[in-house]
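>>> Dropping the sequence and predicted coords here.
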Amino acid sequence: MKTMKNIAAGIFTMIFLAGIMNSYAGVATKSETLKMKVEFTCASCQAKIQTGLSKTEGVEKAVADLSTKVVTITYDPAKTNKDKLVKAVENLGYKTEYSSTTTKPGHDCKDEKGPKGSNCAKTCPEAKKCTGDKK
């Protein structure tokens, strides 16, 4: 009788451990990093890109470097991919090195307000393209 209890306890333990291992399988997905050149010129644009990408599914971190115009994106490849990330940047209004020739360059400065009360139309040289301002 003791042997049966020991066997049953051993089987229960193996099933329990297998269930735990199965629930953690895939949790440790390996992140990937994508670096891409993006056409942006001011700190407001930089913030808009970083904030917009951080809200994109699968993106763990997005850093836009104003001096090099390179956006570094750390993402979960199980949730997104390069094409989706390029499209996300384009949907924010910016052209990337991977954008097609039909993608319109520039960004949307029509609201003229960037982060922390900055005025994109005054600080961003690209604002003239966006707002149609000829100044």
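Structure's in. What do you need?
>>> Quick check: phi and psi at Val63.
Dihedral angles of Val63 (phi, psi; degrees, to the nearest 10) stand at phi -130, psi 120.
>>> and what of the one 10 residues further on?
Per-residue torsions, Ile73: phi -120, psi 120 (degrees, to the nearest 10).
>>> give the contact list for it.
Thr33, Leu34, Lys35, Met36, Leu53, Val59, Lys61, Ala62, Leu85 (C-beta atoms under 8 Å, 6 or more residues apart in numbering). (C-beta placed from N, C-alpha, C; glycine too.)
>>> Any of the residues you listed buried? List them.
If you count burial by 16 or more other C-beta atoms under 10 Å, the buried members of the contacts of Ile73 come out as Leu34, Met36, Leu53, Val59, Ala62, Leu85.
>>> which strands and helices sit next to the strand or helix carrying Thr33?
Using DSSP states H and E, Thr33 falls within strand 32-37. Judged by 3 or more C-beta pairs under 8 Å, 6 or more residues apart in numbering; DSSP states H and E, the packing partners of strand 32-37 are strand 70-75, helix 82-91.
>>> Pick the most deeply packed of these.
By mean neighbour count, with neighbours taken as mean count of other C-beta atoms under 10 Å, strand 70-75 ranks first of the helices and strands packed on strand 32-37 at a mean of 19.
>>> Using PDB, write out the CA atom coordinates for it.
Presented in PDB, the C-alpha positions along strand 70-75 are these (Å, rounded to 0.1, in the frame of the first residue of the first chain):
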ATOM      1  CA  VAL A  70      18.500  56.600 -35.800                       C
ATOM      2  CA  VAL A  71      15.600  55.000 -34.000                       C
ATOM      3  CA  THR A  72      16.500  51.900 -32.000                       C
ATOM      4  CA  ILE A  73      13.600  49.600 -31.300                       C
ATOM      5  CA  THR A  74      13.700  46.600 -28.900                       C
ATOM      6  CA  TYR A  75      10.700  44.300 -29.600                       C
END
